[in-house]
Structure formats: C-alpha cells, structure tokens
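Participant: the sequence and its predicted three-dimensional model are supplied below.
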Amino acid sequence: MATCLKILIVGLITWLKICSKNTVLSITENVIPPEMKAQIDQLILEVMEKEKIPAQSLSIVKKDGSLLYNRGYGDRDVEHNLPAGPETLFAIGSATKSFTAVLVAKTLHEMYPAMGKNVLDVPIRELAPGYNFTLGDRFRSERVTFKDILAHRVCIKQEVSGLVSQAFNGTEDMVNRFRYSPEECGFRSEFSYNNGLIGMAGHILGHIANTTYADLLSEFVGQLGMTSTTVIKMSNDHENMMHRAIPYIWKGGEFVRGNSEFLKSIAPIPSGGGILTNANDMAKYMLFHLNKGKVGDVQVVPDEVMGWERTGHGGHLPPFMTSFYMYPNLGQGIFTSRSGSLVDPEGLSNAIFHIISEGEKDAAPPLSKSTHLHDCSVTKCHHYKTRHSLSTPHLHDVGVTDCHQANASPPIPPVATFLFLHALIASPRDTRISLSHILLNQAEFDQPLPLGNVLN
C-alpha cells in the first residue's frame, strides 16, 4: 500500500474571529502606537483578572530586528509586591522542545557534516554506538532515529507518572527503564506524545557531543545573546535566581504560594521541558527563527531547515504556561508566559496577533505551500472558547474552528523546523484528524494534578 504520511502541524493556524467595531490601528515605523498598546494592555489585564493570573509577560518582535512591545504585567512576587517585567523568568515547559529540536539539527550537522540533512534519518544506534539505547523490542532499538523521537512517532508508553513523583534515580535510571515501556501503537504509525523520549534525545545528544544537554543549550543561547536562559536543576539553583516568577495557585479567594520543589520533577529531562527564560531572551529567539537561523551575519542553523507559515509551541509546567508563535510570512513573533493559571494562553496570543496585524478582520495570514512540506496532507482543526465573557472586543465568548489543507509531492526533508513544530505523524488510514485544544497544546503531564499536589 502506498504510504502518504499525513502530518498535523501543531499550531499551524488557529484564528479568533474578532467582533469589534473599533477603528483599525496600523503599525508605523515598527513602533506600536499608544492606542494599540492600550488595546493590548486592556486585553491582557482583563484576562488576568478573570483567570486569576498573578504575573504575565509579553514580547512582540518584527523580522527586521524591531522589538515592538516588551513588558510584564502583575506581580512576580505577590507577598513582596515585586512587579513582573520583561526580565521576569518563567518556566516555559514544553516550549523547551523547540530548543531541543534546533539543538539536535545544529549539533548533528556539526558532528556529521558529510551526512547533510539525512543525519536525522540515521538510526541512533549508528550515531551513538557507545550509548546503551534499548527499547522494549529489538526492531525499535535498532531503527529509531532522532526524527522519530522528536516527531513523537516511536509509539511507546511514556513514563510521566514516575517523572512527576520523582521515582527515578536520575536521568540514566529513567532512560534505562524505557526498555520496559510497552507499545502504545505501531512504530511510525501514529502520533504518541512522549516527554521522556524527548528527554532521552537530549541525553543522547550530550553523549554524542561529549558534553551535556545543558552545556549545548548554554552555548547556543549564548550565540543568540540570551543571557538569562537556563534550565531547572535538582540543585535548586532556580530558587535563588533574580527576577524569577514565584509559582502561585488561586485558592480560597487568594494567591497561595505553590511548592517550587515540584519544578524539580522536570530536572531529569531538561530537554523535554526544563528551560527557564524571559520575554527579553525569547524576543531574540523568535528573531533567530524569523531571520531563518541567522544571528547578525552568522548562519547559526542552515537556512534550508527554516521557513514555515507559522511556527511555535506551547508549554505547561504547573503552574506556569507559555505560548510563542512566529509568522514568517508577516515577519512577526509573539511570546507570552504566565503563572498561576491552567488556561492555555494561545487564544490570548492570537487575539494580540489580530491587534498588531493591522486589523485584517476575519482573515488568516496568507498561506502558501511550504517548500519544506511534501508528500502529505496537512489538516489542522482547532476550537477555542473563552471560559468567561470579557468586555474587550478582542476576546469574548468566541468559538472558532479553523481548518487548512495543503498537498504537495516530493519526500519530506528531515529538517529542524519540521521537528520544531512537533509535527504529528498520523496513521495513513486517517483522512482527517481533529484534536482537542488540550492535545494540541499538550501539558508537560497528561492530566492536571490536583492543586494539593503542588501546594506546600
């Protein structure tokens, strides 16, 4: 049977229909006018009030290097009335996976230049013969590639429960236990989200480069000038960092400080969701992608791996949630991160995008067939509805379902942006795929924990 992989791109196009009679405001000279800033501020502050969010950050960039808007809202430390700003550090959860995909492409390109882009299709056992890469069956153990892991198509059960309860004695213990994980679906047949395997990918990458994932990340973000970005460690370094956002939960009519020890549950697999960063640094990261892998005149990642219609990722490490997306065709990027709420910020990001994109009411960004997307059908259906009625015209009880489909022909190149988007490889027998809002923006852990588990 001829196989046509159907790839569902996380966050391809989600669009809020705006019911507004306001005058359209335009961006001139890459500076947001005061009226537009006021609209964005009103929107964010009202959402924060309705959803009981103590702190939130925002960064909006343009491809030419302009920082359109960059600020914080609320208090990063409620007890001491310390305000949040663009320098406030948030745990970005699964948004870390985009960094991991870039590091995989970058590091393997540097380690095996003769292989070119095909290096991502080489079995891990061939790239790292000294690494004890063993899964539950011989076929997977010998065939799994970095592309398989980063595209979530290995199809084995993930070890989330053990990770959350900190049952593993470090990263190597967790990696070794994957040999006991049962099959969830046929190899490369379906999308099967797996935090632990992304963590393993970072561990293997460190082995190949004779270093650690944390060091590879540090070198990369250093190239981008992201001076505040780091990873959560078991040593509790994050507890003493300046400008960090304190984790809070809304309980009993007030903000209650969460147990920051819970953040350490991600420490064994930092490549799966362990990055701490801020709006200042994420502005630089988004510009890196909008400029197709360049920082100044230096091509950090090959140009051929960049260039999708909309790229980004959400993240959730309770009680922090993150959303960041870039629109290459329009040359814009939006990052927002918050604490204290389990409500995904993607809908808010989309509403902000509408405000800054010069009021193209009810119109999606222009789409064209990406040269990086071949031999597949792309379908993305998504529904978003606010939990509260908001007075702002940019986000109020609006339900939207938005689908896009495209077709092309040559084979799919194993490129970083493909992995960065977390393409969902679906079963060839499926003709259309519709995933829930929660699945599209998968939390670090499949089920939200009871609040008691994250409180002192």
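Facilitator: Right, received. Where do you want to start?

Participant: separation between residue 230 and residue 236?
Facilitator: Applying CB to CB, to the nearest Å, one obtains 13 Å for the distance of residue 230 from residue 236. In short, each C-beta sits where N, CA and C put it, glycine included.

Participant: which other helices and strands does the lengthiest helix in the chain contact?
Facilitator: The helix of greatest length in the chain, counted in residues with DSSP state H as the criterion, is given as helix 34-51. The helices and strands touching helix 34-51, judged by 3 or more CB pairs under 8 Å, 6 or more residues apart in numbering; DSSP states H and E, are strand 55-62, strand 67-77, helix 346-356.

Participant: among those, which is nearest residue 317?
Facilitator: Distance to residue 317, taken as CB to CB, is lowest for strand 55-62 among those, at 14.6 Å.

Participant: packing partners of that closest one?
Facilitator: Taking 3+ CB pairs under 8 Å, 6+ apart as contact, the helices and strands that strand 55-62 lies on are helix 34-51, strand 67-77, helix 279-290, strand 332-339, helix 346-356.

Participant: can you give the strand pairings for that strand, parallel or anti for each?
Facilitator: Within its sheet, strand 55-62 is paired with strand 67-77 (antiparallel), strand 332-339 (antiparallel), according to DSSP bridges.

Participant: rank the ones you listed by pLDDT, which is bottom?
Facilitator: Lowest mean pLDDT within the strands paired with strand 55-62: strand 332-339, at a mean of 89.

Participant: need the helices for the stretch 101-250 of the chain, in chain order.
Facilitator: Ranges of helices within the stretch 101-250 of the chain are 124-127, 138-143, 146-150, 160-164, 171-177, 195-208, 213-224, based on DSSP state H, counting those that start in this stretch.

Participant: what's the least confident stretch among those helices?
Facilitator: Taking each of those in turn, the lowest mean pLDDT turns up on helix 160-164, with a mean of 62.

Participant: ok, residue 101 - how many residues close by?
Facilitator: When neighbours are defined as other CB atoms under 10 Å, residue 101 has 29 of them.

Participant: again, but for residue 331
Facilitator: 16.

Participant: from residue 73, how far off is residue 37?
Facilitator: Applying CB to CB, the value for residue 37 to residue 73 is 12 Å.

Participant: okay, residue 230 and residue 236: which has more neighbours?
Facilitator: residue 230 (21 against 13).

Participant: not counting sequence-adjacent ones, nearest residue to that one?
Facilitator: The shortest distance from residue 230 to any non-neighbouring residue, by CB to CB, 6 or more residues apart in numbering, is to residue 276 (5.4 Å).

Participant: how about residue 335, what does it touch?
Facilitator: Residues in contact with residue 335, defined by CB atoms under 8 Å, 6 or more residues apart in numbering, are 57, 58, 59, 60, 279, 282, 283, 286, 322, 323, 324.

Participant: what lies in contact with the helix or strand where residue 321 lies?
Facilitator: In this assignment (DSSP states H and E), residue 321 forms part of strand 320-327. Under the criterion CB under 8 Å, 6+ apart, residues 11, 90-93, 95, 245, 247, 282, 285-286, 289-290, 309-316, 332-339, 341-346, 348-349, 353, 365, 441 lie in contact with strand 320-327.

Participant: endpoints of stretch 129-143, how far apart?
Facilitator: Terminal residues of stretch 129-143 are spaced 13 Å apart (CA to CA, to the nearest Å).

Participant: related to what we said a few turns ago, residue 37 and residue 73 - which one has more neighbours?
Facilitator: For the pair residue 37 and residue 73, the greater number of neighbours falls to residue 73 (21 against 17), based on other CB under 10 Å.

Participant: residue 241 versus the more buried one, what's the distance?
Facilitator: As judged by CB to CB, residue 73 and residue 241 stand 20 Å apart.
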